[in-house]
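*Asks:* task: produce atomic coordinates for the following.
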Amino acid sequence: MRKEFEPRFALVVPTLNEAGNIRRLLREVQDALEPTGISYELIVVDDDSTDQTPEIVRAYAVDHPQIRLISRRNEKGLAGAVVRGWRTSNAAWIGVIDADLQHPPSLLPELLSAMEAGNDIAIASRYAEKNGVEGWNPIRVAISRVSTWATLPFQRRQIRVKDPMSGFFMLRRSAIEGLVFEPRGFKLLLEILVRGKIHSVVEIPFQFGRRHAGKSKAGTAVAIHFLQLLGKLSRHLILRPTPQ
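*Replies:* Coordinates of the predicted model:
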């Protein structure tokens, strides 16, 4: 990042074989952010894609200096990719959005408004209102609901949220200063809510969309990492008081 460019907001886009989505996603994110007047940068963190994802990002970035590409080699894990991107920016506000177009970039201005209002974290929530996951397979809905219920013992009563495993959110960098996160898995938000210095949260409802192109990364490994994370958070709550 150029020293003279210090954006207020940095949005990380983790990618793995998202060539069919990434150009459109970057364009829609910029269309949503430009009218806000907030200085920003988009950081694509690619986990060694075997398609044309890195090449597409590099070509797009030629005419869009707000966009940067970080290529990771021999590293996997969405949470680790997101944290890697955050660490390369000095922005006071940091966030993440999926590259598969299931998260609507049009919601970004509303999330930013929640941050400007003084909140520590703003979450795009599938469960803040009904029909957020309309069209999902019933089995997938059931698994998601059960997983969400499993997080309740770990959440603080003062900031309990309905969608603690959303992959679309933004927060103040100061809320996680000094913390080291589990790099594997997809549930970074849950760990932030449990371990971070979070005092105020806003959930903004959205309709979870369908993947535009490519394949879902969800699978057995994601479930295993989720259970491992719950074990880690259990030890955290036992060994150290939760920040208030």
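*Asks:* center of this structure - which residue?
*Replies:* In the chain, the C-alpha nearest the mean C-alpha coordinate belongs to Val96, at 3.3 Å (CA atoms, centre = their mean).
*Asks:* can you tell me the average pLDDT over stretch 91-105?
*Replies:* Mean pLDDT, computed over stretch 91-105, is 95.
*Asks:* what's the answer for stretch 157-173, then?
*Replies:* In the prediction, stretch 157-173 has an average pLDDT of 90.
*Asks:* swap in stretch 28-35?
*Replies:* Averaging pLDDT along stretch 28-35 gives 98.
*Asks:* residues of it that come out buried?
*Replies:* Of all the residues in stretch 28-35, those buried under the rule 16 or more other CB atoms under 10 Å are 28-30, 32-33. Placement of C-beta: from N, CA and C, glycine included.
*Asks:* so where's the protein shaky on pLDDT?
*Replies:* 1-5, 129-146, 149-150, 152-153, 185-186, 209-244 (pLDDT under 70).
*Asks:* need the helices for it, in chain order.
*Replies:* Assigned by DSSP state H, the helices in the chain fall at 22-33, 53-61, 78-87, 108-116, 138-150, 188-195, 220-239.
*Asks:* same for the second one, what does it pack against?
*Replies:* In terms of contact count using 3 or more CB pairs under 8 Å, 6 or more residues apart in numbering; DSSP states H and E, helix 53-61 is assigned the packing partners helix 22-33, strand 40-46, strand 67-71.
*Asks:* check the offset of it from the chain's centre.
*Replies:* 21 Å (CA atoms, centre = their mean, to the nearest Å).
*Asks:* and it with strand 67-71, angle?
*Replies:* 160 degrees (axes from the mean of the first three to the mean of the last three CA atoms, to 10 degrees).
*Asks:* got the CA coordinates for helix 53-61 in CSV?
*Replies:* Extracted in CSV, the C-alpha atoms of helix 53-61 (Å, rounded to 0.1, in the frame of the first residue of the first chain):
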residue,chain,number,x,y,z
THR,A,53,-8.8,-15.3,-10.6
PRO,A,54,-5.4,-13.6,-9.9
GLU,A,55,-5.0,-12.5,-13.5
ILE,A,56,-8.5,-11.0,-13.6
VAL,A,57,-7.8,-9.0,-10.4
ARG,A,58,-4.5,-7.7,-11.7
ALA,A,59,-6.0,-6.6,-15.0
TYR,A,60,-8.9,-4.9,-13.2
ALA,A,61,-6.6,-3.2,-10.7
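*Asks:* and the contacts of that helix?
*Replies:* 15-19, 22-23, 26, 44, 46, 67-69, 71 (CB atoms under 8 Å, 6 or more residues apart in numbering).
*Asks:* Leu25 contacts Thr15, correct?
*Replies:* No - between Leu25 and Thr15 there is no contact under CB atoms under 8 Å: 9.1 Å.
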